[in-house]
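In: have a look at this prediction, sequence included:
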Amino acid sequence: MDLEKKLRNIGISAHIDSGKTTLSERILFYCNKIHAIHEVHGKDGVGATMDSMELERERGITIASAATNVVWKGTPINVIDTPGHVDFTVEVERSLRVLDGAILVLCSVGGVQSQSITVDRQLKRYKVPRLAFVNKCDRTGANPYKVKEQLHDKLGLNSVLMQIPIGLEDKLEGVVDLVKMKAIYFRGDNGLDVVEEDIPADLKDEAEEKRELMLDAASMFSDELAEAYLNGEEIPQEMIHEAVRKGVLARELVPVFMGSAYKNKGIQPLLDAVVRYLPAPEDVENTALDLDDGEKEIILKSDPRMPTVALAFKLEDGQYGQLTYIRIYQGVIKKGDELYNTRSKKKFKVGRLIRMHASTMEDISEGGCGDIVALFGVDCASGDTFCNPSLNYSMTSMYVPDAVISLSIKPVDKKAADNMAKAINRFTKEDPTFRCYVDEESNETIISGMGELHLDVYVERMKREYKAEVTTGAPQVAYRETITKRADFEYTHKKQSGGSGQYGKVCGFIEPLNEEGKNYEFVNEVKGGKIPTEYIPAVDKGFQASLAKGQLIKFPVVGVKVTVNDGQSHPVDSSDMAFQLAAMGAFKEAYMKAAPEIMEPIMKVSVEGPTEFQGNIFASINQRRGMIVSSVEDGAICHVEAEVPLSEMFGYSTVLRSLTQGKAEFTMEFQKYGKVPKSVSEELIKKYQEQNKK
């Protein structure tokens, strides 16, 4: 069997604390990649294998997705452990971009939590087929049946139980396989011995009932199975597997497995399911854009004989230089091959080729079709496409959200400044959502990203990995300005001093643009050549330049439609520059008449905590000018969804912890821009004016 048919590229995605990294650790153990199991919050001080960054071990969270390669019963599997924090959303996005299938891990107590919904949305965006694994069935309050229902109700997935538990909470012994109709126990050291026995008598009826439901769901994908099922015939296991695989590949069926990664129960059947139901590279359609043919879409073939196409989806700065993780979509890559980077338009030779295993690596001579490997010492950026020099393809770019929060950052001395520059250079290369620029007015270095935790982690990494001692300023929110009514302009720019003069006149009006996803529109209604056609782009350029800074607090202006309907030119003194300056003057004249307002980023905040603290959670959101969108009580846990201005969310994690005895947690992501209340707006303008006086 060819590698392309057998290989599996899978991701493990879930809400924070559902046990993804613990599950990865068990997968490595059962595939003989590691010989001892380490825990995430390990008392042995080692920490989980996949969390190789010191910071990840301290915080017990996954920050960077790690890639490793294992073999299960002869099938090679590339496993990518993705972060759950929305602040590291680009890591999740990148990993999903190159995966063929995923395991959605859920906690049997917490069920479908806020982050599970975000992760599911990402899986849907990239059309990734998935299996669900209900973890932590050994915990008090475990209820895998409830989680299966939530997958259906909250995520709209056609979830089907493939197993039922034998005992729950501290009595969890194993699972019943509804395809084989056997009880499976995990005995011996670390659950290494998988033992099949008859189903316990008290579970027989339930197993029969759940098997009927499973067969009913699977029969939708196989006429043979439907026929055998209706005629009451004996159904071969292989027929069930084929039908379920069809449903999974069509993304219309989500098989649900269960167990406890921590207690070493249920992992081996999950690995069997990965091989049985998740797609091989050739089962997934991947496309590229042909840059030589007007970005025409080309379907890539998982064929080793075709010219190579690969995507660099992650960069890492190892001790031996830059490591570039790539996914090979077409063809093969061998040591010494020449490849072409279609973004930088440069050719390079493949030096060292590596297969990664978390933070250790093995040298290989070639990477096969569909494989995930790493290259050493290639100068590139994340998201670059590498092709055979005969092609000029680009894999579609990844969705990169805008930054919502900024910090000013200052090195303490010259040495720290050099190290900080190195760190920033690397971080901006490997994470497109982390940005850095120097503010022209204050001359400060500003870093911006997806949230407080995101920037915190980078500042911490500068100190640890680059020995760059830095001090940070107060977080700065990315405000915007906009206009609320129509205002006319009639502006003449003329300058008469020695030599040729400058002359340009523009007339028209600006008005609010209320189109989703559009910030600026330019309409040319000039008749009779009052402004010669060649100067119209200069007028447009002048207005666009004016949007960079508004006049209230000098933040970018959004939501403006400019209509130019008249003007005047001079046969000698008119030029591109003159009309550009005329447009800038016209915008300045009309802006304050158009009743400008300040807009602020509104975050979608999801809080989860014990129901007893619901009142406290509500109060903490209301105090922050928040609007509660929904509140659902689920047993002893309440889920609160709210919309809160970002400027009010600083330090919220500390407040939430103290209000709920550390039992609640929250996630937030950018939702939209909203109008700032009058009192806050006045305060912002006053603050800006005071700063400018200095």
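Out: Right, received. Where do you want to start?

In: quick one: low-confidence ranges for the stretch 351-500 of the chain?
Out: Scanning the stretch 351-500 of the chain for pLDDT under 70 picks out 357-360, 396-402, 404, 440-442, 497-499.

In: what about the helices in it?
Out: For the stretch 351-500 of the chain, the helices identified by DSSP state H, counting those that start in this stretch occupy 414-430, 452-465, in order along the chain.

In: do you know which of those helices lies nearest residue 381?
Out: Counting by C-beta to C-beta, residue 381 lies closest to helix 414-430 out of these; the figure is 5.7 Å. Where you see a C-beta, it was placed from the backbone N, CA and C, and this is true even at glycine.

In: tell me the buried residues in the closest one?
Out: The neighbour-count check on helix 414-430 (16 or more other C-beta atoms under 10 Å) flags 416, 419-420, 423-424, 426-430 as buried.

In: from these, which is closest to residue 294?
Out: For the buried residues of helix 414-430, with residue 294 as the reference and C-beta to C-beta as the criterion, the closest is residue 429, at 29.4 Å.

In: separation between that closest one and residue 172?
Out: The gap separating residue 429 from residue 172 is 45 Å, by C-beta to C-beta, to the nearest Å.

In: which residues are in contact with the nearest residue to residue 535 once chain neighbours are set aside?
Out: The spatially closest residue to residue 535, leaving aside those adjacent along the chain, is residue 579, at 4.5 Å (C-beta to C-beta, 6 or more residues apart in numbering). Counting by C-beta atoms under 8 Å, 6 or more residues apart in numbering, residue 579 makes contact with 493, 504, 506, 531, 535, 538-539, 542, 569.

In: related to what we said a few turns ago, reformat the buried residues of helix 414-430 as a markdown table; add distance to residue 300.
Out: What follows is those, written out as a markdown table (distance: C-beta to C-beta, whole Å):
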| residue | distance to residue 300 |
| --- | --- |
| 416 | 46 |
| 419 | 41 |
| 420 | 40 |
| 423 | 36 |
| 424 | 35 |
| 426 | 30 |
| 427 | 31 |
| 428 | 29 |
| 429 | 26 |
| 430 | 25 |
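
In: residue 459: neighbouring residues, count only.
Out: Per other C-beta atoms under 10 Å, the neighbour tally for residue 459 reads 18.

In: dig out what the residue nearest to it when sequence neighbours are not counted forms beta bridges with.
Out: The spatial neighbour of residue 459 that comes closest, neighbours along the chain excluded (C-beta to C-beta, 6+ apart), is residue 472 at 6.0 Å. Beta-bridge pairing of residue 472, defined through DSSP bridges, involves residue 409.

In: list the contacts of residue 472.
Out: 407-410, 459.

In: hang on, residue 569 packs against residue 502?
Out: No. Here residue 569 does not reach residue 502: they are 11.2 Å apart, not a contact under C-beta atoms under 8 Å.

In: flag every buried residue along the strand or helix carrying residue 588.
Out: Assigned by DSSP states H and E, residue 588 falls within helix 576-591. Applying a neighbour-count criterion of 16+ other C-beta under 10 Å, one finds 578-587, 590-591 buried in helix 576-591.

In: neighbouring contacts of the helix or strand that contains residue 154?
Out: With elements delineated by DSSP H and E, residue 154 resides in helix 144-155, which encompasses its position. When contacts are taken as C-beta under 8 Å, 6+ apart, the neighbours of helix 144-155 outside the stretch itself are 106-108, 111-112, 116-117, 120, 132, 134, 137, 157-159, 161, 164-165, 168, 254, 256, 258.

In: tell me the helix or strand right after that helix.
Out: Where DSSP H and E defines the elements, the next helix or strand beyond helix 144-155 is strand 159-161.

In: summarise which helices and strands that following strand is packed against.
Out: Using 3 or more C-beta pairs under 8 Å, 6 or more residues apart in numbering; DSSP states H and E as the contact criterion, the neighbours of strand 159-161 among helices and strands are helix 144-155, helix 204-218, strand 254-258.

In: most packed of these?
Out: With neighbours defined as mean count of other C-beta atoms under 10 Å, the helices and strands packed on strand 159-161 peak in mean count at strand 254-258, which reaches a mean of 25.

In: and that one, what does it pack onto?
Out: Other elements packing on strand 254-258 under the criterion 3+ C-beta pairs under 8 Å, 6+ apart are strand 130-135, helix 144-155, strand 159-161, strand 163-166, helix 237-249, helix 267-277.

In: dump the ones you listed to CSV, plus distance to residue 293.
Out: What follows is those, written out as CSV (distance: least, C-beta to C-beta, whole Å):
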stretch, distance to residue 293
strand 130-135, 34
helix 144-155, 39
strand 159-161, 42
strand 163-166, 49
helix 237-249, 30
helix 267-277, 37
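
In: which of these sits closest to residue 26?
Out: Across the helices and strands packed on strand 254-258, residue 26 has its closest neighbour in helix 267-277 (4.6 Å, C-beta to C-beta).
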